[in-house]
Every structure is written in C-alpha cells, then in structure tokens.
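> With the input below, show me the fold.
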Amino acid sequence: MNESTSAAQAVRLVVGREISTRLRSKAFKITTIASLVVVVGYAVVFKVVGGGSADSVGFTPQAQPLAAPLVSVAQAVGAEVKPSTVDQDTGERRLRDGKLDALVTGTPDRFQVVVKQDLSSDLRDAFSVLARQVALDNEVSRLGGDPAAVSSAVNAATVDVRSLEPARQHQGARIALAIIVGILVYIAILLYGQMVAQGVVEEKASRIVEILLTTIRPWQLMLGKVVGIGLIGLLQLVLTAVAGVVAGVALDAFDFPTSVATGVAIWAVVWFLLGYLAYALLFAALGALVSRQEDVGGVTAPATMAIVLPYVLAISILPSDPDNGFMEVLSLIPFFSPMIMPMRIALDVAPTWQVVITVVLTGLLVAGLVWFAGRVYRNAVLRMGSRVRLTEALSSR
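Here you go, the predicted structure:
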C-alpha cells in the first residue's frame, strides 16, 4: 500500500484482514454452534414444557362460595388455582400490580370475572365449566330437572369477563421471544465489543500496529477493525436469529404469526448494530490505553458494566412486568437502549415514538464516539509501557 491508497481502500483492507482471521478462528466456530444450539434448544424446551405455575384468583366475600368449586373444576381441566379472599378495590389493585390473575365478583348465582388484560386459556376453560355448572344447579333446583330447560341453560352459559386494560395478543410467547432476544443481543455486544479491545491490545503488544501505521492512518485501522469484527458478529447473530425463527415455526413452539417473530428478529439485528458500534468504539479507545492483555479487563470494566447492568435489570424485570416505568425510562438512555429496547419491542410495549427517538439518540451517540475513540486511539495506540491516562490521550496533540 502507498500514499495514494484511498481511505476507503485502506479501511476495506483492514476489514478483509479481520474477517478472514476471525472466520478461521475456533472461537467463532464454537460460539456460532453454541448460539444455534441454545436458540433451537430453547424452542424445543418451550414446546415440550409449555406449562406455568398456579393461577392466583381472588374472590370478593359474596363470591367466596365459588372458590372451592373453581379449584375442583380447574383440576378437572388440568389447571391449578390458588384462591384468596379480597375486597373489590384491593382485588383490582392487585390485578394491576400483577399479583392476581383474576378477580371473581358478584354472587354465586351471578358472578363476573375481572382481569387486567385477558384470561389464560386454562383459566378461561375452568371458568367456562364453572359457569355451566352454576347454571345447571340453578335450573335443576328451579325446574325440577326438566332436561330441555337444563340443556338450554347449560349451553347458553358463558363467562362474563371485564378487562381493565386492552389485552396484548400472544403475551406468553412474546415473553419467551423477549428473553431470547435479550440474551442474544447482550452476548453479541459484550463478546464482540471485548474482542475489539483484545485485538487492539494484541496488535499493540506485538508491535504490529507500528508497522501498519506506517502505511495507513490510525482512524482507518481502528474503523477497519471495528467494522470487520462487527460484520462477523452480525453474521453470527443473523444465523442465530434465522435458526430461532425457523425452529419456532417448524416446531409450532410459539403461537404468534411468523411476521411477528421476523419483525422482532430484524429489530434485534438493528439494535445489535447500534449497540455494537457504540461499545466497540468505546472498547477500541479503552484498549489503546494499555499494552498488556492482563490489563484489558481493568481498563474496560466501566464499559462492561454499562452493558451488564441494563441487561440484568431487563432480564429480571421485563418478563414479569413489561410495563415497568423504570425500565421504560432506562430504555431511552442511549448507552442502555441496545440491551433493553429489543426486549420491550418483543413484548409489544415500546411505542413507535420511543423506538424512533432511541434509534436517533443512539445514532448521535455513535457519531460522538467516533470522534472520541478516534482521538484516544490516535494518541495512545503507539505509546508502550505503562497505562495511558484517558485525560492524557484526549489532550495529546
């Protein structure tokens, strides 16, 4: 390469070098196979296990006599119910907080089921049977067992369900999808971001960087490394996402349309790209500050924590409380958005305006980090020996 080599050509050469090196590595092959096994295995487990824990049902004092019959009916249809007695105001508050799955109000002869959004299929079946049983008992005692009247009353009996909020479709499957997406995006950003830092330090420690920088500029080398490793990560994530969608559809593991799974997979790729670019630039800058692989963990610890913390919060809170206000606010912060927003999109709780705003803000963050990382990398990558202070790297000319 000579001085006439364009910047684009220089970056492409570095990108090609990174791709060819990483594709042949055992690490890439092992992590790709592991990712495919995990996502396909998750679909299989979800298909086989399927079930859930006992449904918590509250009864107002007047409706309390229905508790025992509902437990019995639920067992008959393969469900499990945990009954409790509450007043109506307390019951509705617990519904909104997710502590109750249903609240039974009214009287044993004429009851109503109140839910936050919708009933699970097992619980709906149990209440349907209970409603028919109540109707049957009423008609038998009132009409003396007239077969026609009893049959008519039983067939006409339905469950009166009043929702406090609009129901979200396929919520159980969306939770599973959100967990998968959250794990994949988190692992991909963390793994390939750290790979950038390790690659920078490896070239610095072996003095290869000194040779490379005699023919290309520092920013070209840094950008080529970030883009090359990112393309490898993108390839791995796309393969995993496609395998997950295909496995879910083939096994009929999830009850949502294929278009939903495809849309979530596309957004997962988008957020990986945005998150990777932001953190890879940061890792490249931080990696340039040290000359030994042993020091990489310490210098990149703040960036690693910025990835780990929002992921742990999201995976712990969102599956059980998708509308959590704290997580909504946290998802709007650009450094945290890549780990949280894909899960909120999968759960169908992220309004379009929030998605657009976070994409724009994260894009602006990436633009700012291009300047920051370029300056730090240029001023620190050729300095050997002890760790370079970040303030020194920023202020050096």
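
> Number of residues surrounding the nearest residue to Pro218 once chain neighbours are set aside?
Of all residues not flanking Pro218 in the chain, Arg378 sits nearest, at 4.2 Å (C-beta to C-beta, 6 or more residues apart in numbering). Quick note: C-beta positions are derived from backbone N, CA and C, even for glycine. Using other C-beta atoms under 10 Å, Arg378 is surrounded by 19 other residues.

> now do Leu369
Residues lying near Leu369 (other C-beta under 10 Å) number 19.

> That one: helix or strand, and which one exactly?
Using DSSP states H and E, Leu369 sits in helix 352-380.

> Where do the strands of the chain begin and end?
55-59, 81-85, 102-106, 111-115, 161-163 (DSSP state E).

> among those, which is nearest Gly248?
strand 55-59 (25.3 Å; C-beta to C-beta).

> Tell me the strands beside the closest one, with direction?
Sheet pairing of strand 55-59 (DSSP bridges) gives strand 81-85 (parallel), strand 102-106 (parallel).

> any chance of those in CSV, plus distance to Asp321, mean pLDDT and mean neighbour count?
Formatted as CSV, the strands paired with strand 55-59 follow (distance: least, C-beta to C-beta, whole Å; pLDDT from 0 to 100; neighbours: other C-beta atoms under 10 Å):
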stretch, distance to Asp321, mean pLDDT, mean neighbour count
strand 81-85, 19, 89, 16
strand 102-106, 18, 91, 22
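
> how about the ones you listed, which one is nearest Met327?
Of these, nearest to Met327 by C-beta to C-beta is strand 102-106, at 25.4 Å.

> what residues does that closest one touch?
55, 57-60, 62-63, 66-67, 70, 86, 88, 91-92, 94-95, 111-115, 119, 123, 127 (C-beta atoms under 8 Å, 6 or more residues apart in numbering).

> Which among these count as buried?
Listed as buried from those are 55, 57-60, 63, 66-67, 70, 86, 88, 91-92, 94-95, 111, 113-115, 119, 123, 127; burial here means 16 or more other C-beta atoms under 10 Å.

> thinking again about what came up before, as a markdown table, the strands paired with strand 55-59 with distance to Ile183 would be great.
Below are these laid out as a markdown table (distance: least, C-beta to C-beta, whole Å):
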| stretch | distance to Ile183 |
| --- | --- |
| strand 81-85 | 30 |
| strand 102-106 | 31 |
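
> Quick one: closest of the ones you listed to Ser6.
Closest approach to Ser6 among the strands paired with strand 55-59 (C-beta to C-beta): strand 102-106, 66.6 Å.

> what about that closest one, distance to the chain center?
On the basis of C-alpha atoms, centre = their mean, to the nearest Å, strand 102-106 sits 33 Å off its chain's mean C-alpha point.

> now it and strand 111-115, what's the angle there?
Interaxial angle, strand 102-106 versus strand 111-115 (axes from the mean of the first three to the mean of the last three C-alpha atoms, to 10 degrees): 150 degrees.

> contacts for stretch 365-382?
200, 204, 209-210, 213, 218-219, 222, 274, 277-278, 281-282, 284-286, 288-289, 334-335, 388, 390, 392-394, 396-397.

> Just the buried residues of that stretch, please?
Burial within stretch 365-382, assessed by neighbour count using 16+ other C-beta under 10 Å, is assigned to 365-366, 369-370, 372-381.

> re the thing from before, including distance to Leu251, could the strands of the chain go into TSV?
Converted to TSV, the strands of the chain look like this (distance: least, C-beta to C-beta, whole Å):
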stretch	distance to Leu251
strand 55-59	26
strand 81-85	29
strand 102-106	30
strand 111-115	29
strand 161-163	31
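
> what's the closest of those strands to Ala247?
In terms of C-beta to C-beta, the element of the strands of the chain nearest to Ala247 is strand 55-59, at 28.9 Å.

> What lies in contact with the closest one?
Residues outside strand 55-59 that contact it (C-beta under 8 Å, 6+ apart): 66-67, 70, 74, 79-86, 90-91, 94-95, 99-104, 120, 122-123.
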